[in-house]
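**Q** quick one, what's the 3D model for this:
(chains A, B, C and D)
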There are 2 protein chains.
Amino acid sequence: MGTVSKALGLIELLRGSGHPLGLTELARLAGFDKATTRRLLLELAANGYVEQDGESRGYALGPALQMLGRARENRFPLNRAIQPAVRSLSELTGETVHATEYCAGSLASIFTVESGKANRVILEHGQKLPLHATASGYAFLAASSDAFVESVCRRQFEVYTPTTPTDSNALLDIVRATRERGYSISNQSMEEGVSSVAAAIRGVGGKPVGTMAIAMPASRVTPDVIREYGELVRQSAAQVSARLFGKSTVQPFRKAS
Amino acid sequence: MGTVSKALGLIELLRGSGHPLGLTELARLAGFDKATTRRLLLELAANGYVEQDGESRGYALGPALQMLGRARENRFPLNRAIQPAVRSLSELTGETVHATEYCAGSLASIFTVESGKANRVILEHGQKLPLHATASGYAFLAASSDAFVESVCRRQFEVYTPTTPTDSNALLDIVRATRERGYSISNQSMEEGVSSVAAAIRGVGGKPVGTMAIAMPASRVTPDVIREYGELVRQSAAQVSARLFGKSTVQPFRKAS
DNA sequence: TCCCCTGTTTCATTATTTGAACCATCGGTG
DNA sequence: CACCGATGGTTCAAATAATGAAACAGGGGA
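**A** Just a heads-up that it's a prediction; the model follows:
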């Protein structure tokens, strides 16, 4: 593993933790030496990616991340395009609706509207959803190239519940079915008691960039509900895709002048 | 320079450029070898910090940055605290008002409301303001420890205009005056024709975290205006500071369990 | 007072990074 | 259509930077 990934791993740990982390603890979590950890942190801090609380000496995410996040949002306004659609689906269905974006091998939750019902599905912001075991993952794979699907199949299949697909054949079947259906269905494949339907959002060139999904307690699931919500999420995702696709959000690559 | 900083430098270049950059161009801009640049980019891409457009092969900022930016904003909601204050100042004065946050040795613009007037000051989002040559910088230094001010004095003083302070004595005088006055004044010290007043925003422990500033064309500047706007920005910054300070936005560092 | 936990520094060892040279591919052009 | 000049991508020995054990420093609590 390269040095850069190690440093970024520290950032990931800081993101995962709800509070600042001390040097020793961070080193232990990351599995690096104290000295190494410190050197990486100092370098990250010099660039604003991390900051050290003067009092507690703990390290936390730094301001540069906000700047960069903002910069990307400006050029690739996925959130702006998705949020109204998610809200609309939430109102139509009364269930928890969320959007994800593909990021470094999995889908990360970027926006959620929770159901108002007492028994509802809750999703943490930034939570990572595996491609092989969630409705969002199925939908994303179904919209991806075969080469990408194969590369995912070659990974290890972590098993979460009895209905998690455990081998590539099972996953390929699901992807096939999703492609025919136009939306994906997860029957508690990631978490017991949670079922979802999802559809992919495509960016320029038709490549999938993320997903929209409706998640509900398995107790409220019936075939009719699945069909109805599935169609809803499929149409909604298609509309968002059309918007993204239409107004060329990513500018074409220009050659050096 | 460590490897990590090199990689982060690439990200900075991508942020600065408005469009995706090709490998060769990026390598040239960064001053690295093509092979090195590519290796760094691949590592960044594997972590979602950068993404490569499949078609153009150009590299751009990746989705992970948005996630991380969001995560930090949740734990340190500086923007949420500042935005209403900036808007309010903008309405009161009719001039361009902006907020900055300290990031990696300078102040980065995080939020701006532009004046409605035809002759107005424009500020790019994310623009970096040097500590030694802007009203925001003066205000930040005035709120900082002497040790920090000294460390800034030891840096090279880049000169932008005839009124840019060129040595540490001039800067120290300004800092002293700012501390007495309660707000800072820049008379075209960074850009010709632009004058500003600013005040620091303090976080937990009283440490400055950023600034608020009112910027106007020098043509509209009079001593009375400076006094009036200076007082306004001072009070407004104090209110934001009180909010930040009061409700402990950064959780205290907890020791390992 | 002592002890333990944390942060910090050092430096020889080691593994990673580096970059010149190379290949492959594309698009324009005589 | 072969050539040229771009580009992105790859390789591997040499050089450099990262590593981590160990030792030091400092602070807080028992």
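**Q** C-alpha from now on. contacts and neighbour counts both.
**A** OK.
**Q** residue contacts, the residue nearest to residue A:50 when sequence neighbours are not counted?
**A** Using CA to CA, 6 or more residues apart in numbering or on different chains and skipping residues adjacent in sequence, the residue nearest residue A:50 is residue A:62, 3.9 Å away. Applying CA atoms under 8 Å, 6 or more residues apart in numbering or on different chains to residue A:62 gives the contacts A:45, A:48-51, B:72, B:103.
**Q** could you flag which of those residues are buried?
**A** Using 16 or more other CA atoms under 10 Å in any protein chain shown as the burial test, the contacts of residue A:62 include A:45, A:48-51, B:72, B:103 as buried.
**Q** just the strands in chain A please.
**A** A:50-52, A:59-61, A:96-103, A:106-113, A:128-129, A:184-187, A:194-202, A:208-217 (DSSP state E).
**Q** need the ones you listed in CSV with mean pLDDT, can you?
**A** Shown next, in CSV, are those (pLDDT from 0 to 100):
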stretch, mean pLDDT
strand A:50-52, 88
strand A:59-61, 90
strand A:96-103, 95
strand A:106-113, 94
strand A:128-129, 94
strand A:184-187, 96
strand A:194-202, 96
strand A:208-217, 95
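**Q** where does the stretch 1-150 of chain A dip in pLDDT?
**A** A:54-56 (pLDDT under 70).
**Q** interface residues of it facing DNA strand D?
**A** By CA under 7 Å from any atom of the strand, the residues of the stretch 1-150 of chain A that approach DNA strand D are A:2-3, A:6, A:32-36, A:40.
**Q** ok, and the most crowded of these?
**A** Within those, residue A:40 tops the neighbour count with 22 neighbours, counted by other CA atoms under 10 Å in any protein chain shown.
**Q** and it, what does it touch?
**A** Residue A:40 touches A:7, B:4, counting by CA under 8 Å, 6+ apart.
**Q** if you set the cut-off to 7 Å instead, what comes out?
**A** Residue A:40 makes contacts with residue A:7, as judged by CA atoms under 7 Å, 6 or more residues apart in numbering or on different chains.
**Q** give me the most central residue, chain A.
**A** residue A:108 (1.5 Å; CA atoms, centre = their mean).
**Q** interface residues of the stretch 51-200 of chain A facing DNA strand C?
**A** A:57-58.
**Q** returning to that earlier point: out of the contacts of residue A:62, which is nearest to DNA strand D?
**A** DNA strand D has its nearest neighbour among the contacts of residue A:62 in residue A:45, at 14.2 Å by CA to the nearest atom of the strand.
**Q** mind checking how far that closest one is from residue B:209?
**A** From residue A:45 across to residue B:209, the span is 15 Å (CA to CA, to the nearest Å).
**Q** now residue A:218
**A** For residue A:218, the distance to residue B:209 - CA to CA - is 47 Å.
**Q** what are the boundaries of the helices in the stretch 51-200 of chain A?
**A** A:63-75, A:78-93, A:135-142, A:146-153, A:168-181 (DSSP state H, counting those that start in this stretch).
**Q** looking at those helices, which one is packed in the most?
**A** helix A:135-142 (a mean of 30; mean count of other CA atoms under 10 Å in any protein chain shown).
**Q** and it, what does it pack against?
**A** Using 3 or more CA pairs under 7 Å, 6 or more residues apart in numbering or on different chains; DSSP states H and E as the contact test, the elements touching helix A:135-142 are helix A:168-181, strand A:184-187, strand A:194-202, strand A:208-217.
**Q** need these in TSV (columns: distance to chain B).
**A** Converted to TSV, those look like this (distance: least, CA to the nearest CA, whole Å):
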stretch	distance to chain B
helix A:168-181	22
strand A:184-187	23
strand A:194-202	13
strand A:208-217	10
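**Q** could those go into JSON lines alongside distance to residue B:234?
**A** Listed next are the helices and strands packed on helix A:135-142 as JSON lines, based on distance: least, CA to CA, whole Å:
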{"stretch": "helix A:168-181", "distance to residue B:234": "59"}
{"stretch": "strand A:184-187", "distance to residue B:234": "55"}
{"stretch": "strand A:194-202", "distance to residue B:234": "46"}
{"stretch": "strand A:208-217", "distance to residue B:234": "44"}
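**Q** wait, what's in contact with residue A:137?
**A** A:130-131.
**Q** what's the spacing between it and residue A:12?
**A** Counting by CA to CA, the gap from residue A:137 to residue A:12 is 21 Å.
**Q** show me what from chain A comes close to chain B.
**A** Residues of chain A lying close to chain B by CA under 7 Å from any CA of the partner chain are A:3-5, A:15, A:19-21, A:25, A:43, A:46-48, A:56, A:58, A:61, A:63-73, A:103-104, A:126, A:251, A:253, A:256.
**Q** if residue A:109 is in a bridge, with which residues?
**A** Beta-bridge partners of residue A:109, counted by DSSP bridges, are residue A:100.
**Q** pretty sure it sits against residue A:122.
**A** No. Judged on CA atoms under 7 Å, residue A:109 makes no contact with residue A:122 at a distance of 11.5 Å.
**Q** when these two are compared, which one has more neighbours?
**A** Using other CA under 10 Å as the criterion, residue A:109 and residue A:122 rank with residue A:109 on top: 24 against 16.
**Q** poorly predicted segments of the stretch 151-257 of chain A, please.
**A** Using pLDDT under 70, the flagged stretches of the stretch 151-257 of chain A are A:246-257.
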